[in-house]
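[1] coords below, sequence missing:
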């Protein structure tokens, strides 16, 4: 009997945890995205460099709001904010930043609500 390698995976687009599905049994090793939407948006709006630059400018113990990464005219755009949050989740998965709420580090794959970003 085959033993499946069902290790936790992080989506390459949104940074969320990919849940194992029976239909992926034969090609689980090649799965990189959690959904069709993530596959379509894989190279769209990557803000990782901008987040890291802003955090380095601010200082080691300081935090930023994800909206600070966007230009003023896009700060209220929910779609663009989600792209910044996706980039933040990917950086957290790479162990470069921490995502916090009320000063406490939260799970990057399942947080909800307002967040702050901090260098690790």
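    Received the coordinates, thanks. Please read these numbers as outputs of a predicted model, since none were measured by experiment.
[2] residues contacting residue 17?
    Going by CB atoms under 8 Å, 6 or more residues apart in numbering, residue 17 touches 8-11, 34, 109-110. To be clear about C-beta, it is placed using only N, CA and C from the backbone, and glycine gets the same treatment.
[3] check it and give its pLDDT.
    Among the per-residue scores, residue 17 holds a pLDDT of 84.
[4] residue 109: how many residues sit nearby?
    If you count neighbours by other CB atoms under 10 Å, residue 109 ends up with 18.
[5] hmm, who's touching the helix or strand of the chain with the lowest mean pLDDT?
    Comparing every helix and strand of the chain by mean pLDDT, DSSP states H and E singles out helix 36-40 as the least confident one, with a mean of 81. Outside helix 36-40, the residues within contact range by CB under 8 Å, 6+ apart are 11-14, 33.
[6] and the next helix or strand past it?
    Along the chain past helix 36-40, the next helix or strand (assigned with DSSP states H and E) turns out to be helix 48-58.
[7] what's whatever helix or strand comes next after that next one packed up against?
    Beyond helix 48-58 in the direction of the C-terminus, DSSP H and E gives the next helix or strand as strand 63-64. Taking 3 or more CB pairs under 8 Å, 6 or more residues apart in numbering; DSSP states H and E as contact, the helices and strands that strand 63-64 lies on are helix 48-58, strand 116-119.
[8] output the contacting helices and strands for the last one.
    Using 3+ CB pairs under 8 Å, 6+ apart as the contact test, the elements touching strand 116-119 are helix 48-58, strand 63-64, strand 97-101.
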